[in-house]
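Participant: Model the structure of this input:
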Amino acid sequence: MKRGKRYLELLKKVDKAKAYSIDEAINTVKNLKSVKFDESVEVTYALNVDPKQADQNIRGVITLPHGTGKSVRVLVFATADKAQEAKEANADYVGGEDLIQKIEKEGFLDFDVALATPDMMRPLGRIAKILGPRKLMPSPKSGTVTMDIYNAVKEFKAGKIEFRVDKTGVLHSVIGKSSFTADQLKENLLAFNSAVVKSRPASVRGQFIKKVYLSLTMSPAVKVNVNELLKA
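Facilitator: Next up is the predicted model:
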């Protein structure tokens, strides 16, 4: 993959052979900012798992102490009083069959999180193949299928995020913005790391977390010392 001049200049600031301490990694990433917009700070975990095994297809949720810095668009599949709860919690989109048809027929996907009441899961089966690959399908495991719609909307709006390993065993998430302080990013990273560590399947043998990287939206990745993360 061919890289531009800006990226290559940033690459000179990163020691690719070094596993940076948590504080060093965060400060290095913040110093890689080179564009005008407020870039996301992203974390990537390479895990020793086989996602084809049901118990190793890691998925969970975590509320970051300082949120992600991103305005989260929440869609809720619900009817009657639960739909009213969603509206009162300031969900961006609320509906039942009408929203299902909008996604099915118009390809509407202008949202970041989808929540649903349990009774909506059967009709949602029609669009599972649309939502699933985009990690937007509601699931009890991720707390996105619930009767407590009001609080669920509030939590996701406030910074609750879902994480899920991909088919190669890599887990990727946003943990803040480049405008966050180093302390805010560290607290978010440690909270996220704790959730990942707790998700370790009992069937995994050997080292669970192989590598961890931090990066900005437009920057090279900085390798983080895994041993320090495990002790934090």
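Participant: Per-residue confidence at Lys13, what does it come out as?
Facilitator: Model confidence at Lys13, given as pLDDT, is 86.
Participant: Can you pull up the most central residue in the chain?
Facilitator: Central residue of the chain (Cα atoms, centre = their mean): Ser173, 3.8 Å from the mean position.
Participant: From what I see, that one and Glu42 are in contact.
Facilitator: Yes - Ser173 lies in contact with Glu42 (Cβ atoms under 8 Å); the separation is 7.0 Å. Any C-beta I mention is one placed from the backbone N, CA and C, and that applies to glycine too.
Participant: max-length helix in this structure?
Facilitator: With secondary structure taken from DSSP state H, the chain has its longest helix at helix 182-198.
Participant: which regions of the chain sit below the pLDDT cut-off?
Facilitator: Screening the chain residue by residue with the criterion pLDDT under 70, one finds the ranges 1-2.
Participant: quick check: domain ranges of it?
Facilitator: 14-67+161-231, 74-157 (automatic domain parsing).
Participant: Roughly how far does the residue of the chain most remote from its centre sit from Lys157?
Facilitator: In the chain, Ala80 marks the outermost C-alpha relative to the chain mean, sitting 30.1 Å out by Cα atoms, centre = their mean. Separation of Ala80 from Lys157 (Cβ to Cβ, to the nearest Å): 22 Å.
Participant: One more: Thr181?
Facilitator: Distance check for Thr181 against Lys157: by Cβ to Cβ, it reads 22 Å.
Participant: Check Thr68 too.
Facilitator: Counting by Cβ to Cβ, the gap from Thr68 to Lys157 is 11 Å.
Participant: Could you check which of these two is surrounded by more residues?
Facilitator: Taking neighbours as other Cβ atoms under 10 Å, Thr68 and Lys157 compare with Thr68 leading, 21 against 18.
Participant: Chain neighbours aside, what residue packs nearest to the more buried one?
Facilitator: For Thr68, ignoring the flanking residues on the chain, the nearest one in space by Cβ to Cβ, 6 or more residues apart in numbering is Val174 at 5.1 Å.
Participant: Report the secondary structure element holding that neighbour.
Facilitator: Taking DSSP states H and E as the definition, one finds Val174 inside strand 170-177.
Participant: again with Leu115
Facilitator: In this assignment (DSSP H and E), Leu115 forms part of strand 113-116.
Participant: Can I get the helix or strand following that strand in CSV, CA atoms only?
Facilitator: Scanning forward in sequence from strand 113-116, with DSSP H and E defining helices and strands, the next element found is helix 121-124. Output for helix 121-124, consisting of C-alpha atoms alone and laid out as CSV, is shown next (Å, rounded to 0.1, in the frame of the first residue of the first chain):
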residue,chain,number,x,y,z
MET,A,121,-36.1,-9.9,17.5
ARG,A,122,-38.3,-12.2,15.4
PRO,A,123,-39.2,-9.5,12.8
LEU,A,124,-35.6,-8.3,12.9
